[in-house]
Structure formats: C-alpha cells, structure tokens
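Peer 1: Have a look at this fold, sequence not included:
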C-alpha cells in the first residue's frame with residue numbers, strides 16, 4: 001500500500017507540473033503574440049519545454065519504481081537460518097533518503113557541468129572579458145521586451161546625466177523611423193515572406209514600437225543613435241568586439257551589451273558601468 005501511495009503522490013505532482021507548464025506556455029504566447037518572428041522561436045521553445053518535462057517525469061517515475069523494488073527486498077537476519085523479513089518503515093525511509101541524496105548530488109554535478117560549458121555562460125564570460133579590457137562591467141536589465149530602451153535610458157543617465165523614459169524613447173524611435181521611411185524601408189521585410197514591407201505593414205511596424213513591448217534591434221539602435229545624436233557601441237561575444245553606430249556624433253558613446261543566449265525567447269540587451277562606479281544606479 002505504501003508503494004502505491006508513493007506512485008500516486010508522484011503522479012499528482014506530475015499532473016500539477018503539467019498544469020504549471022501549460023500556464024507558463026500561455027504566458028509566453030501572450031508576450032510573443034504581436035511578433036511573428038518570436039512566434040516561430042516560441043514554437044520550438046514550447047516543444048523543448050514539453051519534451052524536457054516529459055523526460056524528467058519519466059526518470060522520476062523510474063526512480064520511484066526502483067526505490068520501491070529496493071524497499072520490498074527481503075534481508076537475511078541470520079546467515080545460518082533462512083529467515084527473511086521485509087524492511088521496517090524506518091529502514092525504508094533511510095534507504096529512500098540515501099537514494100534521493102545520491103540522485104540530488106548527481107543532478108547538481110550534471111547541472112554545474114552543463115552551466116560551465118553551456119552557451120549562456122560561455123557567451124557571458126566572453127562579453128565580460130571584452131568589457132574588462134575597457135574597464136567596464138555588465139549592468140543587468142530586466143528581460144521584458146523593453147531591454148534595449150532601458151539599457152539606452154540607463155546609459156543616457158550614466159554618461160550624459162539625461163533622464164529619458166522608455167516610453168519617450170519608444171515614441172521618438174518610432175517617429176524617427178516613420179519620418180525617414182526611405183532610409184529604413186530597404187532593411188525591413190516580412191518575417192514570413194521575406195518580402196519588403198508594404199506601406200501598411202510599415203505603419204504597423206512603427207505603431208508596434210510605441211504600443212507594445214516588441215523587441216528592438218539594429219534598426220531601432222540606428223534610429224535611437226540618430227535621434228539622440230550620440231554614438232552607441234554594442235559589445236558582443238562573437239564576431240567584432242563591438243558594433244559602432246553613430247560614430248559621426250560627438251560625445252561619449254553609450255555602451256550596451258548584446259546577448260544571444262541569455263534568455264530562451266531570444267536576444268537581450270544589458271547596460272554597462274565603469275568597474276569602480278559599480279554603485280551608480282538609475
């Protein structure tokens with residue numbers, strides 16, 4: 001009866017985890033619903049999350065079944081007598097606890113190894129090393145769709161003592177792209193057809209910059225640099241150490257970092273700080 005109870009508890013746990021995953025997936029869909037490119041990435045991410053959960057739950061069920069078989073083994077009390085009894089409840093709990101501890105230690109070791117050699121950690125180390133060469137460090141920005149604009153806003157405060165909100169930066173970025181349509185149109189295409197945007201699609205693109213949390217990219221960085229009339233430097237892990245935008249403008253460059261692997265849904269931007277000025281916040 002106790003063995004069946006263990007399995008029943010685990011099954012209940014698995015059902016709860018599946019419900020939680022579905023809720024998480026729905027939340028991710030809401031974030032990406034206005035971005036066709038992110039929807040494609042999200043489909044692959046959902047499949048990975050579901051497969052990951054399924055594999056882990058199978059391993060947990062196999063582990064419990066194995067523990068139950070151990071719990072029910074007979075032990076010989078006397079080598080000279082063929083007298084066997086089942087493990088006591090206290091012994092069962094002890095064996096189970098030891099088994100769980102071994103599995104937990106193994107999981108920790110495997111995760112540590114994966115983290116060390118994982119793309120996110122390797123990318124972060126490469127970016128940090130490049131920043132150290134210019135006496136800078138990463139200043140973390142939340143991943144909520146506004147990361148580019150928040151990183152630029154932070155840099156404006158740190159480098160120029162200017163306080164410009166994310167909302168204002170989005171508005172001015174959209175206005176600048178719309179007002180300079182001929183300059184930007186050749187670089188904008190439909191993510192599904194790869195054709196250049198139509199006039200209506202261009203207007204929709206500009207509207208999304210203001211009215212949604214759609215991610216910003218190279219187009220938006222160019223618009224920000226031109227609107228603000230200041231250079232922007234993007235530090236990345238691979239390829240050129242930095243990508244420069246707006247070098248024709250005077251004044252200190254706004255230095256942000258570009259991360260391809262920091263979050264599962266796609267690219268992310270962080271800001272930077274001079275190492276000895278770690279306490280500065282905005």
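Peer 2: On my side now, so go ahead. Nothing here was measured: the structure is a model prediction, and the numbers come from that model. Numbering: from 1, shown residues only.

Peer 1: Can you read off the backbone torsions of residue 236?
Peer 2: For residue 236, the backbone dihedrals are phi -140, psi 170 (criterion: degrees, to the nearest 10).

Peer 1: tell me the contacts of it?
Peer 2: 127, 242-243, 257-258, 260 (CB atoms under 8 Å, 6 or more residues apart in numbering). Every residue, glycine included, has its C-beta placed from N, CA and C.

Peer 1: what's the farthest-apart pair in these?
Peer 2: Greatest spatial distance in the contacts of residue 236: 242 and 260, 15.1 Å, computed using CB to CB.

Peer 1: Looking at the two, which has the bigger crowd around it?
Peer 2: Neighbour count, other CB atoms under 10 Å: between residue 242 and residue 260, residue 242 has more, with 18 against 14.

Peer 1: quick one, phi/psi of that one?
Peer 2: Per degrees, to the nearest 10, the backbone of residue 242 is at phi -150, psi 150.

Peer 1: ok, it touching residue 253?
Peer 2: No - if you go by CB atoms under 8 Å, residue 242 and residue 253 don't touch, sitting 9.0 Å apart.

Peer 1: shared neighbours, those two?
Peer 2: In contact with both residue 242 and residue 253: residue 233, using CB under 8 Å, 6+ apart.

Peer 1: quick check, nearest of the contacts of residue 236 to residue 217?
Peer 2: Nearest member of those to residue 217, counting by CB to CB, is residue 258, at 9.6 Å.

Peer 1: Sticking with residue 17, tell me its helix or strand.
Peer 2: Following DSSP states H and E, one finds residue 17 within helix 2-32.

Peer 1: That helix - what's its average pLDDT?
Peer 2: Mean pLDDT, taken over the full extent of helix 2-32, equals 75.

Peer 1: If you count contacts, what does that helix end up packed against?
Peer 2: helix 36-71 (3 or more CB pairs under 8 Å, 6 or more residues apart in numbering; DSSP states H and E).

Peer 1: What is the least confident helix or strand in this structure?
Peer 2: Here the helix or strand of the chain ranked lowest by mean pLDDT, DSSP states H and E is strand 74-76, holding a mean of 41.

Peer 1: residues in contact with residue 210?
Peer 2: So residue 210 contacts 170-171, 174 (CB under 8 Å, 6+ apart).
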